[in-house]
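[1] Kindly return the folded structure for what I paste below:
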Amino acid sequence: MIRLITKSKSFRKPSCSSSFLSSISPSPSNPFSSSPKTTHIPNGGYLYVQLLGRNFASLRSQIGSRPEVPSGYCQNWVNGRANGTLGSQTRSLCSEPDRESIQYDVVIVGAGPAGLSAAIKMKQLCREKDVDLSVCVVEKGAEVGAHIISGNVFEPRALNELLPQWKDEESPITVPVTSDKFWLLTKDRALSLPSPFDNRGNYVISLSELVRWMGVKAEELGVEIYPGFAASEILYDTNDTVVGIGTNDMGIAKDGSKKENFQRGIELKGRVTLLAEGCRGSLSEQIMKKYNLKEKGNLQHQTYALGIKEVWEIDEGKHEPGAVLHTLGWPLDPKTYGGSFLYHMKDRQISIGFVVALNYHNPFLNPYEEFQKFKHHPAIKTLLEGGTVLQYGARTLNEGGFQSIPYPVFPGGALIGCSAGFLNVPKIKGTHTAMKSGMLAAEATFSLLHEGLSMEKYWDALRNSWIWEELYRARNFRPAFEYGLIPGLALSALEHYIMKGRSPWTLKHGKPDHEATNVAQFHSPIQYPKPDGVLSFDILTSVHRSNTNHEHDQPPHLLLRDPKIPELVNLPEYAGPESRYCPARVYEYVPDEEGQPKLQINAQNCLHCKACDIKDPKQNINWTPPEGGGGPGYSIM
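    Residues are numbered from 1 along each chain as shown. Have a look, this model is predicted:
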């Protein structure tokens with residue numbers, strides 16, 4: 001089902017072209033062309049409009065209006081999908097008889113900051129050069145912005161380049177940073193440290209609101225945006241060149257059978273395909289592996305963190321629009337890297353969150369519970385008391401930085417944004433670099449399609465851009481904390497204040513995150529306090545606040561490569577860490593018929609954070625896109 005949030009301050013029309021929608025008339029023989037039906041989703045608390053038929057009709061109306069391309073090959077996962085296990089990988093013809101195809105010049109996967117920046121830049125170049133190139137953006141969220149979550153203190157550098165008049169165009173960027181504090185927390189105290197972030201000229205924003213605004217700007221330029229469609233596979237031609245993507249089949253039951261509302265997926269073929277899926281994108285990971293892009297880049301593995309966030313509405317007397325606070329230390333142990341953020345937004349709202357590096361060692365550590373515990377610190381709880389939680393969410397973020405950037409160009413396209421990993425860790429910012437990477441990729445794409453130049457221009461442009469300079473200067477900050485909190489603070493201070501990013505050495509990351517997890521016998525269980533329902537909450541209450549919804553009767557999108565590993569390895573050796581690192585209780589061990597613990601996967605709770613895909617000790621969990629339109633429904637995150 002595709003659902004569009006309608007009870008949101010930032011609601012806008014569906015991202016399909018209204019001219020397409022107006023041409024659709026209901027047909028008894030076509031269940032996908034019926035009128036939208038309003039439904040209340042109990043676990044979301046929002047009204048959703050079921051727009052599957054109209055979005056499909058809108059997209060399908062393009063079929064026949066664009067030229068076809070020769071049949072190529074697609075890469076598809078088969079076997080074992082219905083029971084949640086991962087089967088073998090096979091190749092099949094991508095232009096299948098029952099699957100229709102649309103040809104674009106550029107296909108972009110993901111309507112986030114990078115994808116929309118690329119789309120906008122492409123259309124700007126088309127106008128400048130009087131060239132007509134078609135651009136399509138496909139987005140798995142029910143609407144643009146539904147899956148977007150970030151801190152977010154926004155640096156407008158890239159936006160100034162992309163849309164210089166943004167201040168005059170009713171953008172949702174209205175709260176400038178007014179103060180910038182940095183604390184080291186102990187259990188009962190907050191020690192003020194010099195702030196290394198330099199947020200002068202930056203803004204406190206909701207990134208989900210920003211991308212919705214950018215989506216409108218893209219549509220005004222002629223970009224076609226289709227939310228509610230999950231890109232589930234890469235399409236290749238006979239030369240192993242990427243020629244587009246295929247969307248998920250819709251209306252498949254959990255047992256693999258076709259339901260009454262079954263709708264075959266559609267091929268979106270492009271002369272260039274840009275992957276802007278965000279951190280740990282499923283198609284991006286396939287592409288990097290297939291073309292050895294990590295080995296061609298800076299050689300080191302990527303390292304990640306899990307960010308957990310709430311938006312609160314607090315008392316007027318406590319609200320300071322533009323105030324920014326970051327903390328390190330308590331409640332994390334000195335060997336675990338992480339910290340918190342607290343930003344005062346508009347309308348008495350604050351954005352509060354906790355970030356835990358996923359290379360932590362203790363399998364008993366629970367990032368969600370660490371966040372709940374943090375909110376009870378004396379310096380934090382006084383701000384929250386009397387307030388109300390509006391939304392909850394979680395997402396992983398790339399922290400590998402300069403050392404972990406893959407070679408971003410592949411035959412037929414490129415990786416942009418957090419699919420490649422351009423987060424500046426000491427700044428705690430990646431939106432501006434993601435946007436700039438999308439703009440550079442668009443320029444290279446335009447040169448390729450219009451002038452016949454090579455897509456390698458994108459790689460050259462990246463290395464000559466301020467992205468490269470910025471990430472190079474910040475390269476030693478994250479790996480400095482491999483040695484612990486105090487050595488990390490000392491080394492990062494040396495890098496920032498003395499060497500200013502010009503040190504002659506480049507530190508390396510430690511073990512990959514999944515290998516960093518110790519076996520349980522080296523640690524003691526952590527006893528977390530019970531939630532009080534005022535400042536801290538049980539996990540299902542929080543998931544409810546994320547407006548997460550999935551069609552229950554669909555094939556599982558969380559696949560186990562070996563279904564025996566949870567009970568034979570993860571539980572006895574690591575005490576079942578998947579039941580703790582997931583911020584939505586997707587994974588839990590429950591007794592089977594014989595009273596033995598067995599892993600149960602509650603896929604309907606999934607926030608699409610990708611922590612399981614990263615942190616599982618044996619890399620046994622494979623996150624794949626669920627039916628389009630499912631997942632969280634963020635509006636102010």
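
[2] Please count neighbours and contacts with C-alpha atoms only from this point.
    Will do.

[3] could you check the distance from Val543 over to Gly222?
    Distance of Val543 to Gly222, computed by CA to CA, to the nearest Å: 36 Å.

[4] Report the residue spans of the stretch 51-200 of the chain with pLDDT below the cut-off.
    Within the stretch 51-200 of the chain, the ranges that satisfy pLDDT under 70 run 51-97.

[5] Tell me which stretches of it form helices.
    Using DSSP state H, counting those that start in this stretch, the helices of the stretch 51-200 of the chain run over 52-60, 113-129, 157-162.

[6] Which elements pack onto the shortest one?
    Spelled out, it's helix 157-162. The contact analysis (3 or more CA pairs under 8 Å, 6 or more residues apart in numbering; DSSP states H and E) places helix 157-162 against helix 113-129, helix 431-446.

[7] For it, report the contacting residues that lie outside it.
    By CA atoms under 8 Å, 6 or more residues apart in numbering, the residues outside helix 157-162 that reach it are 117, 120-121, 166, 432-433, 435-436, 439.

[8] any idea how far Ile149 is from the residue positioned nearest the centre of the chain?
    Taking CA atoms, centre = their mean, the centroid of the chain lies closest to Gly278, which sits 4.3 Å from it. Gly278 sits 11 Å away from Ile149 when distances are taken as CA to CA.

[9] re the thing from before, more neighbours: which of Val543 and Gly222?
    More crowded of Val543 and Gly222, by other CA atoms under 10 Å: Val543, with 24 against 19.

[10] and Asp130, how many neighbours?
    Burial of Asp130 is recorded as 10 neighbouring residues (other CA under 10 Å).

[11] repeat for Glu219
    Neighbours of Glu219 (other CA under 10 Å): 18.

[12] Helix or strand: which one has it?
    Glu219 is part of helix 207-220 when elements are defined by DSSP states H and E.

[13] now swap in Arg502 and tell me
    Per DSSP H and E, Arg502 falls between elements, in no helix or strand.

[14] who's in contact with it?
    473, 495.

[15] repeat for the one 10 residues further on
    Applying CA under 8 Å, 6+ apart, we find Pro512 in contact with 301-303, 359.

[16] And Glu627, how far from Asp130?
    Glu627 is 38 Å from Asp130, by CA to CA.

[17] how close does Thr327 sit to Thr178?
    17 Å.

[18] Now do the SS call for the residue lying closest to Pro566 once chain neighbours are set aside.
    Spatial nearest neighbour of Pro566, chain neighbours left out: Leu599 (6.5 Å); criterion: CA to CA, 6 or more residues apart in numbering. On the three-state scheme (DSSP: H, G, I helix; E, B strand; the rest coil), Leu599 is labelled strand.

[19] Pretty sure Leu599 sits against Arg585.
    No: contact criterion CA atoms under 8 Å: Leu599 and Arg585 do not qualify, at 11.6 Å.

[20] tally of neighbours for Cys597?
    No Cys there; residue 597 is Pro. With other CA under 10 Å as criterion, Pro597 counts 15.

[21] Quick check: closest non-adjacent residue to it.
    Pro591 (4.4 Å).

[22] Number of residues surrounding the one you found?
    Applying other CA under 10 Å, I find that Pro591 has 11 neighbouring residues.

[23] my guess is it meets Glu567, correct?
    No: shown here, Pro591 and Glu567 do not form a contact pair, counting by CA under 8 Å, at 11.4 Å.

[24] joint contacts of these two?
    If you check Pro591 and Glu567 against CA under 8 Å, 6+ apart, the residues they both contact are 597-598.

[25] picking that back up, the more surrounded of Thr327 and Thr178?
    Thr327 (20 against 17).

[26] List the strands paired with the helix or strand containing that one, with their directions.
    According to DSSP H and E, Thr327 maps onto strand 323-329. Within its sheet, strand 323-329 is paired with strand 179-185 (parallel), strand 338-344 (antiparallel), according to DSSP bridges.

[27] which residues touch the residue nearest to the centre of the chain?
    So Gly278 contacts 110, 112, 417-419 (CA under 8 Å, 6+ apart).

[28] just Gln263 next, same as before
    249-251.

[29] Just those: which are in strands?
    Applying DSSP state E to the contacts of Gln263, the entries found in strands are 250-251.

[30] Let me have the contacts of Gln263 in a markdown table, adding neighbour count and pLDDT as columns.
    Shown next, in a markdown table, are the contacts of Gln263 (neighbours: other CA atoms under 10 Å; pLDDT from 0 to 100):
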| residue | neighbour count | pLDDT |
| --- | --- | --- |
| Asp249 | 19 | 93 |
| Met250 | 22 | 92 |
| Gly251 | 21 | 93 |
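
[31] Out of the contacts of Gln263, which is nearest to Ala516?
    Comparing these against Ala516 with CA to CA places Asp249 closest, at 37.0 Å.
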